[in-house]
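Trainee: Quick one, what's the 3D model for this:
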Amino acid sequence: MRSVIRPVEVTDEPFLWDMLYLALYVPPDATPLPREVIYQPELAKYVKDWGQPDDIGFIAMLKDSQMPVGAAWLRLFKSSNKGFGYVNDETPELTIAVLPDYRGHGIGSQLLTQLVETAQPCYSAVSLSVSPDNPALRLYRRFGFEVIGQGGNSLTLTKTFISPTNHIY
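Mentor: This next block holds a predicted model:
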């Protein structure tokens, strides 16, 4: 499956809302969450008013049809407005999702690779929140994310970047 990765544009916000809904892990035997859940403030802040100065994101599109099939993005939150994977005011949180029919084809890896490469010069780490039962946890571990905490039914993971400003000698 051939895809291309491009930066998220302000006009992609409706697709980011779709991806936010898909990023919410629901176990296979559980009832899906109502779509409206993404508009609750604790979730909506991951997409609402996309295009802020610190926002970084990418869309995966099928090469032949240009249909968007996945997205990965970072957003920086403050202690007064913490996200689910909040670590500190300097560490942005990652959100990623791929349409179900296109999972398992390397698209998530492509998105995560581009996002990590872009974030590394800007931040010393990125974080995320994930259910321990979510199959995506394997992807995050492959990319070097490490568990730094657990709260309720989710793990907080971070990927720390080695750069001249945080390199240990």
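Trainee: For the spatially most central residue of the chain, pull up the helix or strand it's in.
Mentor: Most central in the chain under CA atoms, centre = their mean is residue 95, positioned 1.7 Å from the mean C-alpha point. In the assignment (DSSP states H and E), residue 95 maps to strand 93-98.
Trainee: Now do that strand: which elements does it pack against?
Mentor: Under the contact criterion of 3 or more CB pairs under 8 Å, 6 or more residues apart in numbering; DSSP states H and E, strand 93-98 touches helix 13-23, strand 68-75, helix 107-119, strand 125-130. For every residue, glycine as well, the C-beta is placed using N, CA and C.
Trainee: burial of residue 143, as a residue count?
Mentor: Neighbour count of residue 143, defined by other CB atoms under 10 Å: 17.
Trainee: Going forward, count from 33.
Mentor: Noted, 33 is the first residue going forward, which turns the last one into residue 175.
Trainee: Mind pulling up the pLDDT for it?
Mentor: Reading off the confidence values, residue 175 has pLDDT 96.
Trainee: Pull the contacting residues for it.
Mentor: For residue 175, the contacting residues are 144, 148, 191, taking CB atoms under 8 Å, 6 or more residues apart in numbering as the criterion.
Trainee: Distance of the second one relative to residue 191?
Mentor: Going back to what we said before, that points to residue 148. According to CB to CB, to the nearest Å, residue 148 and residue 191 sit 7 Å apart.
Trainee: Count the residues that sit near residue 118.
Mentor: In terms of burial, residue 118 registers 16 neighbours under the definition other CB under 10 Å.
Trainee: meant to ask about residue 40
Mentor: 21.
Trainee: which non-adjacent residue is nearest it?
Mentor: With sequence-adjacent residues excluded and distances taken as CB to CB, 6 or more residues apart in numbering, residue 40 is closest to residue 89, at 3.5 Å.
Trainee: and that neighbour, which of the three is it?
Mentor: Assigned by DSSP: H, G, I helix; E, B strand; the rest coil, the conformation of residue 89 is strand.
Trainee: partners of it in the sheet?
Mentor: Per DSSP bridges, the residues bridged to residue 89 are residue 105.
Trainee: still on that earlier bit, how about the contacts made by the residue nearest to the centre of the chain?
Mentor: Remark: with contacts taken as CB under 8 Å, 6+ apart, residue 127 is in contact with 51-52, 55, 78, 103-107, 160.
Trainee: any idea how far residue 131 is from residue 178?
Mentor: 28 Å.
Trainee: sorry, that was for residue 111
Mentor: Looking at residue 111 against residue 131, where the rule is CB to CB, the gap reads 34 Å.
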